[in-house]
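1. Sequence and predicted model, in that order:
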Amino acid sequence: MGQKATRANGTFSKKISLPLQTHLTNNLTRVSAMRQILVFLLALMIIAGCSVKESFNLKGHVEDAPGEQLFLYRMDLDAEVLLDSTVIKSNGTFKFKQPRLSEPSFLKLSLTPSKFITLLADSTETIEISTNKDSFASGYSVRNSIGSKHIQLLNQNIIALRKQVDSLMTLYNSLPDEEKAGKLEPISNEIIRHIDKYKAGVGSFVMDNPRSFASYYALLLTLSDESMVMNVLDKQDQVYFSTIATSLNLLYPESQRVRQLYDIVLSAKTEQRRAQILDFINNSEGSPSPEISAPDLSGANIALSSLRGKVVLLSFSASWDQASVNENKKLLPTYSRYSSKGFEVYQVCLERSRVLWENSLIQQGIPWISVSELQYTNSYAARIYNVQKIPANYLLDREGNIVGKDLFGSLLEEKLKEIL
């Protein structure tokens, strides 16, 4: 019974295992074939993808212009670079193929010098343009490029503004001289109204598209006289310039256009600061003195505000300037007379060398506070106080308010007598 059972089991096993083995073998063969097909298809997709991703394409249709030549330019900051040209086919079609764009780029598709379309192309886009010969630049449509659509819209808006402003200017200039005075204000207000409305639209566009070079383009558009509409010196407009400069810098730190925008913003802020300083200087008496802090010879930073409670002469001097040295000689007896009564000198020295600075202090016998950033004429403290020449000084009362400037010799003595 045991052997029969064994044979029976063995026979049963063979009857099951042979079909199963065949089935598994067939399945494995099919799986292997499918894998080979998938690998092949994947390779084709990769090859096809690579070939597409390595190029930027521009194609389209121009009606009524068979046989005419189209030119494609890259619009750099300092020049227009011709990339390619092509002849429009008899059916009106054209095509350009260029290497992949490393960053969003402004391109110009030109039929003639006065008929051109500005595009904002990116990476491996395939932009499609449809237009006709007569309204080449104004009546075109664009597909597959959101940046180029934005440029088209922005150009339409600035052209409309130019027409409004030019029309009002023409109206004013056509008036008889005796009527111009009465019409100047209403016409000016109308121009301002149009410009303000336009600027509000640009501001909204910029804040909605902070990472787009189209916003950069919007900020730099001009009126017919080439004056910029958006004013980087205007506080509200400057917010938009700063926003775009910062946003684009995160994405394209090496871009020349981004660096240009940064320079525009920095120059504007420098100009504003200079204007504020000049206003401060011209109206300084009675104003609180700006805080400064600089190291003395020992390296300890001394803040101007640490001298509150004393009458302080904030002096700007230099060891290499003979006029400063001469003025220090005159200041020594004044300091001796009034230092015990609450008078102190805080002298900022515009030096380049610590050794020369120290030797000068020793030779002159300077007893008062002497500090230096060792930045020569690029001293931060001197810039804060808009020092244009040395020697220069400001006299501060016990609360740190400016009560006089450029007081030397007897003028300083008289003011100190008055205060002390």
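-> Arrived safely. Here the structure is a predicted model, which means the values were calculated and not measured.
2. mind listing the strands for the stretch 251-400 of the chain?
-> 293-295, 301-303, 311-317, 343-349, 369-371, 392-396 (DSSP state E, counting those that start in this stretch).
3. And the helix or strand hosting Leu119, how far out from the chain middle?
-> Take DSSP states H and E as the rule and Leu119 turns out to sit in strand 115-121. Using Cα atoms, centre = their mean, to the nearest Å, the distance from the centre of strand 115-121 to the centre of the chain it belongs to is 23 Å.
4. Partner strands of it, with direction?
-> strand 105-112 (antiparallel) (DSSP bridges).
5. With mean pLDDT and distance to Leu77 as extra columns, can I get the strands of the stretch 251-400 of the chain in JSON lines?
-> (C-beta placed from N, C-alpha, C; glycine too.) Supplementary listing: those in JSON lines, determined by pLDDT from 0 to 100; distance: least, Cβ to Cβ, whole Å:
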{"stretch": "strand 293-295", "mean pLDDT": "95", "distance to Leu77": "39"}
{"stretch": "strand 301-303", "mean pLDDT": "95", "distance to Leu77": "42"}
{"stretch": "strand 311-317", "mean pLDDT": "97", "distance to Leu77": "39"}
{"stretch": "strand 343-349", "mean pLDDT": "97", "distance to Leu77": "40"}
{"stretch": "strand 369-371", "mean pLDDT": "97", "distance to Leu77": "43"}
{"stretch": "strand 392-396", "mean pLDDT": "94", "distance to Leu77": "40"}
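6. Quick one: these as a markdown table, columns for distance to Lys97 too.
-> Converted to a markdown table, the strands of the stretch 251-400 of the chain look like this (distance: least, Cβ to Cβ, whole Å):
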| stretch | distance to Lys97 |
| --- | --- |
| strand 293-295 | 61 |
| strand 301-303 | 62 |
| strand 311-317 | 63 |
| strand 343-349 | 63 |
| strand 369-371 | 64 |
| strand 392-396 | 64 |
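7. May I see those strands organised as JSON lines, with mean neighbour count added?
-> JSON lines is the format used below for these (neighbours: other Cβ atoms under 10 Å):
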{"stretch": "strand 293-295", "mean neighbour count": "16"}
{"stretch": "strand 301-303", "mean neighbour count": "13"}
{"stretch": "strand 311-317", "mean neighbour count": "23"}
{"stretch": "strand 343-349", "mean neighbour count": "23"}
{"stretch": "strand 369-371", "mean neighbour count": "22"}
{"stretch": "strand 392-396", "mean neighbour count": "24"}
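8. Any idea which of these gets closest to Ser167?
-> strand 392-396 (52.4 Å; Cβ to Cβ).
9. what's around Ala160, how many residues?
-> When neighbours are counted by other Cβ atoms under 10 Å, Ala160 registers 12.
10. same check, this time on the one 5 residues further on
-> Around Val165 there are 20 other residues, counting by other Cβ under 10 Å.
11. Next one: it from Gly409, what distance?
-> As judged by Cβ to Cβ, to the nearest Å, Val165 and Gly409 stand 57 Å apart.
12. I'd like to know how far the residue lying closest to Trp368 once chain neighbours are set aside sits from Phe316.
-> In space, not counting the residues next to it along the chain, Trp368 is nearest to Val345; the distance is 3.6 Å by Cβ to Cβ, 6 or more residues apart in numbering. Per Cβ to Cβ, Val345 is found 11 Å from Phe316.
13. So for the strand holding Leu119, what gets flagged as buried?
-> Phe116, Ile117, Thr118, Leu119, Leu120, Ala121 (16 or more other Cβ atoms under 10 Å).
14. my read: Lys199 touches Met228, true?
-> No: counting by Cβ atoms under 8 Å, Lys199 does not reach Met228; the two are 10.8 Å apart.
15. Show me which of those two is the more surrounded one.
-> Lys199 (18 against 13).
16. Which strands or helices does the host helix or strand of that one pack on?
-> Lys199 is located in helix 177-208, with elements delineated by DSSP H and E. Packing partners of helix 177-208 (3 or more Cβ pairs under 8 Å, 6 or more residues apart in numbering; DSSP states H and E): helix 146-174, helix 213-219, helix 235-251.
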